[in-house]
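Novice: Prediction below, plus the sequence it came from.
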Amino acid sequence: MNALLLQDLDVFYGPTQITRAVTLSVAAGESFALVGESGSGKSTVLKAIAGLAPKWNGAISVFGTPQPHGISRALSRHCQMVFQDPYGSLHPRKTVDATLAEPLAIHGLNDHNRRIEAVLADVGLDPRFRFRYPHQLSGGQRQRVSIARALILEPKLLLLDEPTSALDVSVQADVLNLLKRLRQEHGLTYLLVTHNLSIVSFLCDRLAVMRVGQIVETADVAALKAGRLRHPYSQELVDLSQRTIV
């Protein structure tokens, strides 16, 4: 079963077309990456799925259900997004408890205490963090709270927009290991946006390479690891990644 299906997705910001005929499928339980240089349209695809970029043509289907343009309350029970910047995505005047309780209240879910304590444990934060404010947390802790907020409604699909790029290198590996563990324990599906091919190799099963709003190649991660991506632009990304590592 497909967790996500995009067909001929054209996304617009005002009169400007950002993506062109983006078509891809992500199987339930799969971790799929969108890679490409800044401005290639990767994050725009995530925003369209989440309802944050409502002007689009084509089709978006999540677990077999066609999605409307704009934010859908029904979608949020099945699909959540983790944003790039943990400093900007958390309300500075809300405690961790208030941040996690809000989606539960919106959806009329009970047993707040149990759910909040369980999701904090899932992301590796002990109960003492529950009543702290974002400014009292490190960058890695804030991103763990962001992941907890995405998980609190128990969705099966997470949209991950550069989830470690704003973090110190010393904590990036911890967050990636957390995401890998959560996927295994909860049977999650990931659609990850990144420019870091090392992260793709560690976390993902397949990838699509985007350039100027279009997908130019889709491949298994095994092909990435073996250096067997076919498109010249894909190979440019691999070569640039290797030079950066050196």
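Specialist: Everything's here; your move. What you see is a predicted model, and the numbers here were worked out from it, not measured in a lab. Numbering: from 1, shown residues only.
Novice: so where do the strands sit in this protein?
Specialist: All strands of the chain, identified by DSSP state E, fall at 2-13, 16-17, 22-27, 31-35, 56-62, 65-66, 79-82, 157-161, 189-194, 206-211, 214-220.
Novice: Could you measure from residue 37 over to residue 96?
Specialist: Counting by Cβ to Cβ, to the nearest Å, the separation of residue 37 from residue 96 is 35 Å. All C-beta spots, glycine's among them, are computed from the backbone N, C-alpha and C.
Novice: Counting neighbours, go ahead and name the busier of the two.
Specialist: residue 96 (25 against 14; other Cβ atoms under 10 Å).
Novice: Wait, the more buried one touches residue 130, no?
Specialist: Yes - applying Cβ atoms under 8 Å, one finds residue 96 in contact with residue 130, separated by 5.4 Å.
Novice: okay, and the common contacts of those two?
Specialist: Taking Cβ atoms under 8 Å, 6 or more residues apart in numbering as the contact rule, residue 96 and residue 130 both touch residue 120.
Novice: related to what we said a few turns ago, dump the strands of the chain to CSV, plus mean neighbour count and mean pLDDT.
Specialist: What follows is the strands of the chain, written out as CSV (neighbours: other Cβ atoms under 10 Å; pLDDT from 0 to 100):
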stretch, mean neighbour count, mean pLDDT
strand 2-13, 18, 98
strand 16-17, 12, 98
strand 22-27, 18, 98
strand 31-35, 25, 98
strand 56-62, 18, 98
strand 65-66, 10, 96
strand 79-82, 24, 97
strand 157-161, 23, 98
strand 189-194, 24, 97
strand 206-211, 23, 98
strand 214-220, 17, 97
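Novice: could you dump these to TSV with distance to residue 226?
Specialist: What follows is the strands of the chain, written out as TSV (distance: least, Cβ to Cβ, whole Å):
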stretch	distance to residue 226
strand 2-13	26
strand 16-17	35
strand 22-27	22
strand 31-35	16
strand 56-62	32
strand 65-66	36
strand 79-82	29
strand 157-161	24
strand 189-194	19
strand 206-211	13
strand 214-220	9
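Novice: Which one, of those strands, ends up nearest to residue 143?
Specialist: Proximity to residue 143 (Cβ to Cβ) singles out strand 79-82 among the strands of the chain, at 7.7 Å.
Novice: quick one: that closest one to chain centroid distance?
Specialist: 6 Å (Cα atoms, centre = their mean, to the nearest Å).
Novice: could you give the angle of the helix or strand bottoming out on mean pLDDT in the chain to strand 206-211?
Specialist: Least confident helix or strand, the chain: helix 232-245 with a mean of 82, by mean pLDDT, DSSP states H and E. Taking axes from the mean of the first three to the mean of the last three Cα atoms, to 10 degrees, one finds helix 232-245 and strand 206-211 inclined to each other by 100 degrees.
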